[in-house]
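Student: Generate coordinates for the sequence data below:
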Amino acid sequence: MNQPDERGPVRKTPKAKPSRVAETRRAIGEYANDLWEIIKRLRMQLH
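Tutor: Alright, predicted model coming up:
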């Protein structure tokens, strides 16, 4: 029986980082969603 070739650890490809633009858009989207939640809560308190 042939043993598998043990030459060292298998290299894993690193995860691709999101581009700076994509990361910035994601952060802005989260911020906008948080602001909408605050606005909704304030409107409920006024009525």
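
Student: ranges for the helices of this protein?
Tutor: Along the chain, counting by DSSP state H, helices occupy 20-46.

Student: where in the chain is pLDDT low?
Tutor: 1-10 (pLDDT under 70).

Student: rerun that using 90 as the cut-off
Tutor: Scanning the chain for pLDDT under 90 picks out 1-18, 46-47.

Student: State the distance from residue 43 to residue 32.
Tutor: 16 Å (CB to CB, to the nearest Å). Bear in mind the C-beta positions are built from the backbone N, C-alpha and C, glycine included.

Student: wait, residue 42
Tutor: Residue 42 is 16 Å from residue 32, where distance means CB to CB.

Student: Next: residue 20.
Tutor: On the measure of CB to CB, residue 20 and residue 32 end up 18 Å apart.

Student: ditto for residue 38
Tutor: According to CB to CB, residue 38 stands 11 Å off from residue 32.

Student: Just give the number of residues close to the residue lying closest to residue 26 once chain neighbours are set aside.
Tutor: The shortest distance from residue 26 to any non-neighbouring residue, by CB to CB, 6 or more residues apart in numbering, is to residue 18 (7.3 Å). Number of residues near residue 18 (other CB atoms under 10 Å) recorded here: 11.
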